[in-house]
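> Next input, structure requested:
(one chain, ligands or ions: 3)
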Amino acid sequence: MRTLVMKFGGTSLGSEYALNRAGDIVSGQIGEWNQIIVVASAMQGVTDMLLACAERALAGDQEQFQSIAGELHHKLTSTAGKMFAGEAQLGKLIETRIAELNHICQRIQDQGAASPGNLAQIAALGERINIHFFSTILRNRGLSSEPVDAANLIITDGCFQSATPIKELTDTRIKEYLSPLLAGGTIPVITGFIGATLSGETTTLGRGGSDYTAAILAESLGADEIWIWTDVDGVMTADPALVPNARLIPEISYSEVFQLAYSGAAVLHPKTMLPAREANIPLYVKNTFNSKCVGTRVSHCSSSVRHTISAVTGHFDIKTITLKLKPGEDLYHIKSLILAVLKNQGIPALAVFQAEHNRSICFAVPTNNVEQAIQTIRESWTDKSSGRTSPQENGDLSLITIVGREIYLSPHVLSEVSKTLNNAGIEIKRIGNGNSPDAVVLAVEPRLGQKAIQQIHDRFVLNGNSPTSQMEPFLRHQPAI
Ligand code: ADP
Ligand code: ASP
Ligand code: MG
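Numbers count the residues shown, from 1 in each chain. Ligands and ions are numbered 1, 2, ... in the order given. Below is the predicted model:
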């Protein structure tokens, strides 16, 4: 029994042309697999528009939220009109979902508050519409297909914007719900990105979370492969939107691609690698618009050579929060405590740096999470009576992450990277690891982030990696954690 889970991202479903291509890709696989499961994101831009509606409603701007909802209505009805003329139920579905959007936004405006549950419900609407579009496309190609809302399958905790599935419940639901459909030869088209609490409230798995949905389904169903269809040829040596000469990586390990995704590469949601690795399911990243290209295979294996750089990525909008430790306080204990509380709040700590001979510790978080992070740290760590100072917010930074097999353990790569950046007039302000031997994180001035990526990419990825062994080991002088 061969089972394939295919996920199509918003970029692969963003226009009539793209939707038709995605339909052709699915029908092209009929006969190759015993079971095919499709995961669909919202059409490109739709989730952003939905969240913009909520934001305008919260600001009390009824005219604006209604106008964005109107634009969305137009976009969806015009796609449906061109692609599915005569499918009246799709028109009705759009009306119902847009009415739901306006209704929740009105409530947000009236109450002057948007609960995380409200926001999840709004964000989920794009996927909830798109599964009907995609399923209709498959049916119009003569295939048996049914739209499925993942709220029936993926049961999560109540962390509405970055929910974690409850594994046993989710496994059972997925098998119970999908097995009869699959046994009857039906292709389920499942909403990516969303789940529900046990009491049925909609949750989301985090922005870009449809990739994760595909991996959760694949693990539960014991799938043979996961194919993630997107708008680039696969996982590349850098974001091709920033680095035009980025190259395709034919094979990469779960661990390396996790680091890359966690450190800013949007091509995959980082959590995708967890179920895939756990169940040892190979995952392919492929280009919807260039389906002849084989793409990237993500598995336990890597084509990269130990201690060489596979790829480079960055986050350009970062703040750091510094904590000063009291004499005798254990840095490693404090580090794991703070990382745990931040994780609990769904705040990504993208790097940890130590300074002043281990007397202070510094956490890098996205700028839009900094206030919440400080508040969280204050509540869990600061204890004025015992003489601890408050966490300090520092200036902006860009974080550059270099990914490669056991790169952090190489004494030489970093010294060469630092030489390359120095020669380009870029000062490395801090060095840390990404909690894995496969990543090194460097902090530079925000305006120099993109230049640093290009320099590292061109020197190491394009022109060979071999570090010179005579170089002075850098880490000996720059302890990092
Ligand atoms: P989708 O809608 O298919 O989920 P995303 O926008 O989430 O697509 O992810 C694809 C994008 O990821 C690409 O368009 C590319 O600009 C970006 N990206 C960032 N880093 C990388 C990388 N290292 N390799 C490939 N793509 C990358
Ligand atoms: N539509 C969601 C988002 O834009 C999920 C996804 O694309 O994976 O974040
Ligand atoms: Mg994505």
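> My read is that Leu399 contacts Ala351, right?
Yes: using C-beta atoms under 8 Å, Leu399 is in contact with Ala351, at 5.8 Å. Any C-beta I mention is one placed from the backbone N, CA and C, and that applies to glycine too.
> Which neighbours do those two have in common?
In terms of C-beta atoms under 8 Å, 6 or more residues apart in numbering, Leu399 and Ala351 are both contacted by the residues 364, 441, 443.
> The residue of the stretch 251-400 of the chain at minimum distance from ligand 2: what's it in contact with?
In the stretch 251-400 of the chain, the residue that lies nearest ligand 2 is His269 (6.7 Å; C-beta to the nearest ligand atom). By C-beta under 8 Å, 6+ apart, the contact list for His269 reads 205-206, 208-212, 261.
> Next, give phi and psi for Val46.
Torsion angles at Val46 (phi, psi; degrees, to the nearest 10) stand at phi -70, psi -40.
> residue boundaries of the helices in the stretch 1-150 of the chain?
16-28, 46-58, 62-83, 88-111, 116-123, 125-140 (DSSP state H, counting those that start in this stretch).
> ok, now the stretch 251-400 of the chain?
So, for the stretch 251-400 of the chain - with DSSP H, counting those that start in this stretch - the helices run 254-262, 273-278, 331-344, 370-380.
> Mind checking those helices for the one nearest to ligand 1?
Once the helices of the stretch 251-400 of the chain are compared by C-beta to the nearest ligand atom, helix 254-262 is nearest, at 5.9 Å.
> residues near Ala151, how many?
Number of residues near Ala151 (other C-beta atoms under 10 Å) recorded here: 20.
> Actually, Leu337.
Neighbour tally, Leu337, other C-beta under 10 Å: 14.
> what do you get for the one 3 residues further on?
Other residues lying near Ala340 total 11 when counted by other C-beta under 10 Å.
> The helices of the stretch 1-150 of the chain into TSV, with extra columns for distance to Ser380 and mean neighbour count?
Converted to TSV, the helices of the stretch 1-150 of the chain look like this (distance: least, C-beta to C-beta, whole Å; neighbours: other C-beta atoms under 10 Å):
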stretch	distance to Ser380	mean neighbour count
helix 16-28	45	17
helix 46-58	27	21
helix 62-83	36	16
helix 88-111	29	16
helix 116-123	20	21
helix 125-140	34	23
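> so where's this protein shaky on pLDDT?
Along the chain, the parts satisfying pLDDT under 70 run over 303, 356-358, 382-388, 434, 464-481.
> residue in it nearest to ligand 1?
For the chain, C-beta to the nearest ligand atom, closest residue to ligand 1: Gly9, 2.0 Å.
> wait, which of the helices of the stretch 251-400 of the chain is closest to Leu101?
Of all the helices of the stretch 251-400 of the chain, helix 370-380 sits nearest to Leu101, with 25.8 Å by C-beta to C-beta.
> Any buried residues in the closest one, and which?
370, 373-374, 376-377 (16 or more other C-beta atoms under 10 Å).
> can you put the helices of the stretch 251-400 of the chain in CSV and add distance to His103?
Shown next, in CSV, are the helices of the stretch 251-400 of the chain (distance: least, C-beta to C-beta, whole Å):
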stretch, distance to His103
helix 254-262, 35
helix 273-278, 35
helix 331-344, 32
helix 370-380, 28
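> before we move on, back to that, indicate which one of the helices of the stretch 1-150 of the chain is closest to ligand 3.
helix 46-58 (10.2 Å; C-beta to the ion).
> Any chance you could list what contacts that closest one?
Helix 46-58 has contacts (C-beta under 8 Å, 6+ apart) with 10, 41-42, 64-65, 68-69, 71-72, 75-76, 101, 104-106, 108-109, 112-114, 118-119, 122-123, 125-126, 129-130, 193, 207.
> Show me what from the protein comes close to ligand 3.
9, 208 (C-beta under 5 Å from the ion).
> same thing but at 6 Å, please
Contact residues, the chain versus ligand 3 (C-beta under 6 Å from the ion): 9, 208, 211, 266.
> The helix or strand harbouring Ala443 close to ligand 1?
Element membership for Ala443 (DSSP states H and E) is strand 439-444. No: figure legend: strand 439-444 not in contact with ligand 1 (C-beta under 6 Å from any ligand atom); closest approach 13.3 Å.
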